[in-house]
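J.: structure, please.
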Amino acid sequence: MKNYMKLEIPALSENEPFARSAVAAFCVRLNPSLDELSDVKTAVSEAVTNCIVHAYGGSGGMICIECEAEGQTLHIQISDSGKGIEDVAKAVEPFYTTLGDEERSGMGFTIMQTFMTTFGLRSAPGEGTTVCMSKRFGGPQADEKARGRLADAQ
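T.: The predicted model follows:
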């Protein structure tokens, strides 16, 4: 049997740290490195923040976070039933933001894609958005990424 978690939280900014901590705690049994755990926490933070800021515009709503552990891979699905995204292809472009007058970098989806092993996005205007991502812990890909970070630090 695969291990599974489902968490529903109100789309409030004070719940973002809780969401990232809950997902991190769930995946600890997969024995991630500190870098891998940091990647997951950052990606979850970005996805939850997108729900709060973009899907609901700070007006409230619910965020559903589902996680499944399969072998050495963590699968995460974060969904909302907010306003949705009209142009998904445009939304995933680096630096694109619909909130130009605020301090938003438009890098949320790019960060999720970079820090996770897989990334997918489904959305429809008026129906909400679902981010699906996974992280494979250990193995050659993780070793390669760790070596790259070590080289960058030197």
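J.: tell me the helix or strand right after the longest helix along the chain.
T.: Longest helix in the chain by number of residues (criterion: DSSP state H): helix 34-50. Of the helices and strands lying after helix 34-50 in sequence (DSSP states H and E), the nearest is strand 62-70.
J.: output that next one as PDB, restricted to C-alpha atoms.
T.: The C-alpha trace of strand 62-70 is given here as PDB (Å, rounded to 0.1, in the frame of the first residue of the first chain):
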ATOM      1  CA  MET A  62      -9.800  26.300   0.100                       C
ATOM      2  CA  ILE A  63      -6.500  24.700  -0.900                       C
ATOM      3  CA  CYS A  64      -6.300  20.900  -1.200                       C
ATOM      4  CA  ILE A  65      -2.800  19.300  -0.900                       C
ATOM      5  CA  GLU A  66      -2.400  15.600  -1.700                       C
ATOM      6  CA  CYS A  67       0.800  13.700  -1.300                       C
ATOM      7  CA  GLU A  68       1.700  10.100  -2.200                       C
ATOM      8  CA  ALA A  69       4.900   8.300  -1.500                       C
ATOM      9  CA  GLU A  70       5.800   5.700  -4.100                       C
END
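J.: buried ones in it?
T.: Residues of strand 62-70 classed as buried: 63-69 (neighbour count, 16 or more other C-beta atoms under 10 Å). Every residue, glycine included, has its C-beta placed from N, CA and C.
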